[in-house]
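> Below is the structure, and that's it, no one-letter string:
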(Lines give C-alpha, C1' and ligand atoms only; values in the text may rest on other atoms or scores of the structure.)
Protein backbone atom coordinates (compact mmCIF):
# COMPACT_ATOMS: atom_id res chain seq x y z
CA UNK A 1 0.00 0.00 0.00
CA UNK A 2 1.33 3.44 -0.95
CA UNK A 3 2.37 5.64 1.97
CA UNK A 4 0.89 9.09 2.57
CA UNK A 5 4.18 10.62 1.46
CA UNK A 6 4.05 8.60 -1.74
CA UNK A 7 0.48 9.72 -2.39
CA UNK A 8 1.46 13.34 -1.86
CA UNK A 9 4.46 13.02 -4.19
CA UNK A 10 2.35 11.41 -6.90
CA UNK A 11 -0.37 14.03 -6.54
CA UNK A 12 2.21 16.81 -6.72
CA UNK A 13 3.76 15.23 -9.80
CA UNK A 14 0.42 15.07 -11.62
CA UNK A 15 -0.26 18.76 -10.94
CA UNK A 16 3.17 19.80 -12.27
CA UNK A 17 3.40 21.65 -15.54
CA UNK A 18 4.69 19.45 -18.36
CA UNK A 19 7.56 21.91 -18.83
CA UNK A 20 8.97 20.60 -15.54
CA UNK A 21 9.40 17.04 -16.78
CA UNK A 22 10.08 17.60 -20.46
CA UNK A 23 13.21 16.00 -21.90
CA UNK A 24 14.29 17.64 -25.17
CA UNK A 25 15.63 14.41 -26.67
CA UNK A 26 13.86 14.84 -30.00
CA UNK A 27 14.91 13.34 -33.33
CA UNK A 28 14.31 15.51 -36.40
CA UNK A 29 14.53 14.55 -40.09
CA UNK A 30 13.35 16.22 -43.29
CA UNK A 31 10.33 15.08 -45.25
CA UNK A 32 12.31 13.52 -48.11
CA UNK A 33 14.40 11.23 -45.92
CA UNK A 34 13.36 7.62 -45.77
CA UNK A 35 11.79 5.34 -43.23
CA UNK A 36 15.16 3.57 -43.01
CA UNK A 37 16.74 6.87 -41.92
CA UNK A 38 14.07 7.23 -39.25
CA UNK A 39 14.54 3.68 -37.94
CA UNK A 40 18.29 4.21 -37.62
CA UNK A 41 17.94 7.58 -35.88
CA UNK A 42 15.29 6.28 -33.46
CA UNK A 43 17.61 3.41 -32.54
CA UNK A 44 20.63 5.69 -32.12
CA UNK A 45 18.71 8.22 -30.00
CA UNK A 46 16.57 5.67 -28.10
CA UNK A 47 13.35 7.46 -29.05
CA UNK A 48 10.08 6.17 -30.48
CA UNK A 49 9.37 8.93 -33.01
CA UNK A 50 10.85 11.64 -35.23
CA UNK A 51 9.57 15.10 -36.10
CA UNK A 52 9.44 15.78 -39.83
CA UNK A 53 10.47 19.15 -41.29
CA UNK A 54 9.91 20.81 -44.67
CA UNK A 55 12.41 22.72 -46.82
CA UNK A 56 12.04 25.74 -44.50
CA UNK A 57 13.06 23.55 -41.53
CA UNK A 58 9.61 23.93 -40.01
CA UNK A 59 7.98 20.90 -38.41
CA UNK A 60 5.12 19.59 -40.56
CA UNK A 61 4.50 16.12 -39.16
CA UNK A 62 5.48 13.26 -36.90
CA UNK A 63 6.43 9.64 -37.63
CA UNK A 64 6.34 7.07 -34.83
CA UNK A 65 7.44 3.47 -34.55
CA UNK A 66 3.77 2.54 -34.79
CA UNK A 67 3.42 4.45 -38.05
CA UNK A 68 6.40 2.55 -39.47
CA UNK A 69 5.03 -0.79 -38.30
CA UNK A 70 1.53 -0.36 -39.72
CA UNK A 71 2.15 1.89 -42.72
CA UNK A 72 5.37 0.32 -44.02
CA UNK A 73 6.40 -3.04 -42.57
CA UNK A 74 2.92 -4.56 -42.27
CA UNK A 75 2.27 -3.65 -45.92
CA UNK A 76 5.59 -5.24 -46.97
CA UNK A 77 6.93 -1.94 -48.29
CA UNK A 78 10.67 -1.27 -48.40
CA UNK A 79 11.70 1.22 -45.65
CA UNK A 80 14.43 2.48 -47.98
CA UNK A 81 11.83 3.49 -50.59
CA UNK A 82 9.18 5.11 -48.38
CA UNK A 83 9.74 8.77 -47.52
CA UNK A 84 8.66 10.23 -44.21
CA UNK A 85 6.30 12.61 -46.00
CA UNK A 86 4.30 9.60 -47.21
CA UNK A 87 3.60 8.19 -43.74
CA UNK A 88 3.80 11.16 -41.36
CA UNK A 89 0.90 12.17 -39.14
CA UNK A 90 -0.24 15.78 -39.52
CA UNK A 91 -1.44 17.95 -37.93
CA UNK A 92 0.42 17.11 -34.74
CA UNK A 93 -1.51 17.40 -31.48
CA UNK A 94 0.39 19.82 -29.25
CA UNK A 95 -0.07 21.16 -25.74
CA UNK A 96 1.30 24.28 -24.00
CA UNK A 97 4.21 24.02 -21.54
CA UNK A 98 1.88 25.22 -18.78
CA UNK A 99 -0.51 22.23 -19.04
CA UNK A 100 -0.44 19.87 -16.06
CA UNK A 101 0.88 16.32 -16.33
CA UNK A 102 -2.58 14.99 -15.42
CA UNK A 103 -4.22 17.02 -18.21
CA UNK A 104 -1.57 15.85 -20.68
CA UNK A 105 -2.45 12.25 -19.81
CA UNK A 106 -6.13 13.07 -20.31
CA UNK A 107 -5.38 14.47 -23.77
CA UNK A 108 -3.51 11.31 -24.77
CA UNK A 109 -6.30 9.12 -23.40
CA UNK A 110 -9.02 11.13 -25.15
CA UNK A 111 -7.33 11.08 -28.55
CA UNK A 112 -5.84 7.56 -28.28
CA UNK A 113 -2.23 8.67 -28.77
CA UNK A 114 1.01 7.83 -26.99
CA UNK A 115 2.67 11.23 -27.17
CA UNK A 116 2.12 14.94 -27.79
CA UNK A 117 4.34 17.83 -28.79
CA UNK A 118 4.92 20.59 -26.24
CA UNK A 119 4.88 23.94 -27.97
CA UNK A 120 4.06 27.61 -27.60
CA UNK A 121 3.23 29.51 -30.75
CA UNK A 122 5.47 27.98 -33.39
CA UNK A 123 8.22 27.06 -30.93
CA UNK A 124 8.58 23.35 -30.21
CA UNK A 125 10.19 22.44 -26.89
CA UNK A 126 10.00 18.69 -27.16
CA UNK A 127 7.72 15.67 -27.01
CA UNK A 128 6.20 13.99 -23.99
CA UNK A 129 4.86 10.43 -23.97
CA UNK A 130 2.80 8.27 -21.66
CA UNK A 131 5.86 6.08 -21.12
CA UNK A 132 7.93 9.12 -20.11
CA UNK A 133 5.28 10.17 -17.63
CA UNK A 134 5.03 6.72 -16.05
CA UNK A 135 8.81 6.47 -15.61
CA UNK A 136 9.05 9.97 -14.16
CA UNK A 137 6.06 9.36 -11.89
CA UNK A 138 7.92 6.42 -10.35
CA UNK A 139 10.99 8.59 -9.84
CA UNK A 140 8.86 11.32 -8.30
CA UNK A 141 8.19 9.03 -5.36
CA UNK A 142 11.84 9.22 -4.33
CA UNK A 143 13.28 12.40 -5.81
CA UNK A 144 12.48 15.93 -6.90
CA UNK A 145 12.20 16.55 -10.63
CA UNK A 146 14.35 19.40 -11.96
CA UNK A 147 12.59 22.10 -13.96
CA UNK A 148 13.08 22.39 -17.69
CA UNK A 149 13.70 25.88 -19.09
CA UNK A 150 11.01 26.50 -21.69
CA UNK A 151 12.83 29.48 -23.18
CA UNK A 152 15.05 27.10 -25.17
CA UNK A 153 12.98 25.81 -28.12
CA UNK A 154 14.40 22.96 -30.20
CA UNK A 155 12.81 23.91 -33.51
CA UNK A 156 9.83 25.74 -35.00
CA UNK A 157 6.52 24.31 -36.19
CA UNK A 158 4.77 25.12 -39.45
CA UNK A 159 1.65 27.13 -38.53
CA UNK A 160 -0.51 24.58 -40.37
CA UNK A 161 1.02 21.41 -38.89
CA UNK A 162 -0.21 21.54 -35.31
CA UNK A 163 -3.51 21.65 -33.47
CA UNK A 164 -2.92 23.01 -30.00
CA UNK A 165 -5.04 22.08 -27.00
CA UNK A 166 -5.51 24.71 -24.32
CA UNK A 167 -8.79 25.46 -22.57
CA UNK A 168 -10.96 22.77 -24.23
CA UNK A 169 -8.78 19.73 -23.77
CA UNK A 170 -11.04 17.49 -25.89
CA UNK A 171 -11.43 19.90 -28.81
CA UNK A 172 -9.04 20.02 -31.77
CA UNK A 173 -8.83 23.14 -33.93
CA UNK A 174 -8.05 23.00 -37.64
CA UNK A 175 -4.92 25.16 -38.11
CA UNK A 176 -6.23 26.32 -41.51
CA UNK A 177 -9.88 27.27 -40.95
CA UNK A 178 -10.27 27.11 -37.13
CA UNK A 179 -13.19 24.67 -37.30
CA UNK A 180 -13.53 22.49 -34.19
CA UNK A 181 -13.22 18.70 -34.20
CA UNK A 182 -13.50 16.10 -31.44
CA UNK A 183 -11.70 13.31 -33.28
CA UNK A 184 -8.14 13.53 -34.63
CA UNK A 185 -8.82 11.16 -37.54
CA UNK A 186 -11.70 13.33 -38.75
CA UNK A 187 -9.47 16.39 -38.44
CA UNK A 188 -6.63 14.71 -40.35
CA UNK A 189 -9.00 13.68 -43.16
CA UNK A 190 -10.50 17.18 -43.21
CA UNK A 191 -7.04 18.76 -43.60
CA UNK A 192 -6.11 16.32 -46.36
CA UNK A 193 -9.37 16.71 -48.31
CA UNK A 194 -10.14 20.40 -47.84
CA UNK A 195 -6.76 22.02 -47.43
CA UNK A 196 -4.73 19.74 -49.73
CA UNK A 197 -2.12 18.86 -47.12
CA UNK A 198 -0.39 15.49 -47.51
CA UNK A 199 -1.00 13.40 -44.41
CA UNK A 200 0.19 10.00 -45.56
CA UNK A 201 -2.10 7.00 -45.23
CA UNK A 202 -4.84 7.65 -42.70
CA UNK A 203 -5.40 4.65 -40.46
CA UNK A 204 -8.60 3.99 -38.54
CA UNK A 205 -8.61 3.63 -34.77
CA UNK A 206 -9.70 0.04 -35.21
CA UNK A 207 -6.47 -0.96 -36.93
CA UNK A 208 -3.84 0.40 -34.56
CA UNK A 209 -3.05 2.20 -31.36
CA UNK A 210 -2.14 5.67 -32.52
CA UNK A 211 1.22 7.43 -32.09
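Happy to help now that I have it. Since this is a predicted model, take the numbers as computed values, not measurements. Residues are numbered from 1 along each chain as shown.
> Just the mean pLDDT for the helix or strand that contains residue 63, thanks.
Applying DSSP states H and E as the criterion places residue 63 in strand 58-64. The pLDDT scores in strand 58-64 average 94.
> Tell me the helices and strands packed up against it.
Strand 58-64 sits against strand 49-53, helix 84-87, strand 92-95, strand 115-120, strand 155-157, with contacts defined as 3 or more C-beta pairs under 8 Å, 6 or more residues apart in numbering; DSSP states H and E. Every C-beta, even on glycine, is put in place using the N, C-alpha and C of the backbone.
> To residue 186, which of these lies closest?
Closest approach to residue 186 among the helices and strands packed on strand 58-64 is made by strand 92-95 (13.1 Å; C-beta to C-beta).
> So what are the sheet partners of that closest one and their directions?
Strand pairing for strand 92-95, using DSSP bridges, gives strand 115-120 (parallel), strand 162-164 (parallel).
> now the protein, which segments are flagged as low pLDDT?
1-9, 140-152, 154, 164-170, 196-211 (pLDDT under 70).
> Okay, helices next: where are they in it?
4-15, 35-45, 65-71, 84-87, 101-110, 130-140, 184-194 (DSSP state H).
> Distance to residue 26 and mean neighbour count added to the ones you listed, as CSV?
Below are the helices of the chain laid out as CSV (distance: least, C-beta to C-beta, whole Å; neighbours: other C-beta atoms under 10 Å):
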stretch, distance to residue 26, mean neighbour count
helix 4-15, 22, 13
helix 35-45, 8, 16
helix 65-71, 15, 19
helix 84-87, 14, 22
helix 101-110, 16, 18
helix 130-140, 12, 16
helix 184-194, 20, 17
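> Quick check: which of the ones you listed is nearest to residue 160?
Of the helices of the chain, nearest to residue 160 by C-beta to C-beta is helix 184-194, at 8.0 Å.
> from the middle of its chain, how far away would that closest one be?
17 Å (C-alpha atoms, centre = their mean, to the nearest Å).
> if you compare the strands paired with strand 92-95, which one is most tucked away?
strand 115-120 (a mean of 24; mean count of other C-beta atoms under 10 Å).
> Kindly calculate the angle that that one makes with strand 49-53.
50 degrees (axes from the mean of the first three to the mean of the last three C-alpha atoms, to 10 degrees).
> sorry, back to before: mind putting the helices of the chain into TSV with distance to residue 157?
Below are the helices of the chain laid out as TSV (distance: least, C-beta to C-beta, whole Å):
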stretch	distance to residue 157
helix 4-15	27
helix 35-45	18
helix 65-71	18
helix 84-87	16
helix 101-110	17
helix 130-140	20
helix 184-194	15
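> a markdown table for the helices and strands packed on strand 58-64, including distance to residue 29?
Listed next are the helices and strands packed on strand 58-64 as a markdown table, based on distance: least, C-beta to C-beta, whole Å:
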| stretch | distance to residue 29 |
| --- | --- |
| strand 49-53 | 5 |
| helix 84-87 | 6 |
| strand 92-95 | 14 |
| strand 115-120 | 15 |
| strand 155-157 | 11 |
